[in-house]
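Visitor: Here's my sequence, what's the structure:
(one chain, ligands or ions: 1)
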Amino acid sequence: MTPDIRPLIAGNWKMHGTRSSLSELKAMAEGFAQYAGNADGLICPPATLLHEAAATVRGLAFSIGGQDCHAEEKGAHTGDISAEMLADCGAAHVIVGHSERRTDHGESDETVAKKARAAWRAGLVAIICIGETRDQREAGETLRVLSRQISGSVPDEATAHNTVIAYEPVWAIGTGLTPTADDVAEAHAHLRAELRQRLGEKAERMRILYGGSVKPSNAAELLAVPNVDGALVGGASLKADDFLGIARAAAQR
Ligand SMILES: O=C[C@H](O)COP(=O)(O)O
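Guide: Residues are numbered from 1 along each chain as shown. This is a model prediction of the structure:
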């Protein structure tokens, strides 16, 4: 953790969840109240649930976000959703550049930077994802890849208020594998230094989340690492008990 930065525990439901999942969301948001003094909570459900999800958490100290947005406000882009549409549904954040989008939809750093700007245009916080593949790690390229991604995906106008960085080693996503605490510390210290060099002082309070197989049993160790300011959680954000177990670790740091 970075002293004085409130941790953010963000859940990404990916392509999971139907309207029957809203009761689980309600349990999460209500349960999160006990940690809300020390941490921020967010769930990014599928777009189909956004509007009802926002209504479900209304009045609770808990936010809702989108999983992606188009760079433009509107237009002939079948199947796409703009940041303005997410905001209209009650979203406060949007994830951009998740490795599954980069792989499945061929998104480049340049595309991700455009999406971050679109998020800000709509008044949303952009959660910009970066991370190395297994091959890149094994080739000793991790830090170089992270530098390139920070440089290409994070626009100069990024601040600690409009942007969160999520470091997600691709090989750790959904695999049950995690880097060692030392490896996480090295990556996050490198990211802080890169952000500082790019953005100056405003990088000091920018949240850098760790993502990739975070669960209640490893959350305390990962969240204790310097410069880890919260978590982006996939699988373990689908169940209230698991999500709240991670929130507890964040609040007790
Ligand atoms: O966005 C979330 C990440 O991809 C992590 O997913 P995971 O916790 O299931 O490994």
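Visitor: Mind giving me the packing neighbours of the top helix by length along the chain?
Guide: Looking across the chain with DSSP state H, the single longest helix is helix 181-199. For helix 181-199, the packing partners by 3 or more C-beta pairs under 8 Å, 6 or more residues apart in numbering; DSSP states H and E come out as helix 142-153, strand 163-167, strand 207-211, helix 216-223. C-beta: built from backbone N, CA, C; applies to glycine.
Visitor: Dump the last one to CSV, restricted to CA.
Guide: Coordinates of each C-alpha in helix 216-223 appear next as CSV, following Å, rounded to 0.1, in the frame of the first residue of the first chain:
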residue,chain,number,x,y,z
PRO,A,216,-9.3,-13.7,0.2
SER,A,217,-6.4,-16.0,1.1
ASN,A,218,-3.7,-14.0,-0.7
ALA,A,219,-5.2,-10.5,-0.5
ALA,A,220,-3.5,-9.4,2.7
GLU,A,221,0.0,-10.3,1.4
LEU,A,222,-0.6,-8.7,-2.0
LEU,A,223,-2.2,-5.5,-0.6
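Visitor: burial count for the residue of the chain found nearest the ligand?
Guide: Of all residues in the chain, residue 234 sits closest to the ligand, at 2.3 Å by C-beta to the nearest ligand atom. For residue 234, the count of nearby residues is 20 (other C-beta atoms under 10 Å).
Visitor: quick one: it and residue 14 touch, right?
Guide: Yes - counting by C-beta atoms under 8 Å, residue 14 is a contact partner of residue 234 at 6.1 Å.
Visitor: and the stretch 151-253 of the chain, which residues reach the ligand?
Guide: Contact residues (C-beta under 6 Å from any ligand atom) of the stretch 151-253 of the chain with the ligand: 168, 173, 174, 211, 212, 213, 214, 232, 233, 234, 235, 236.
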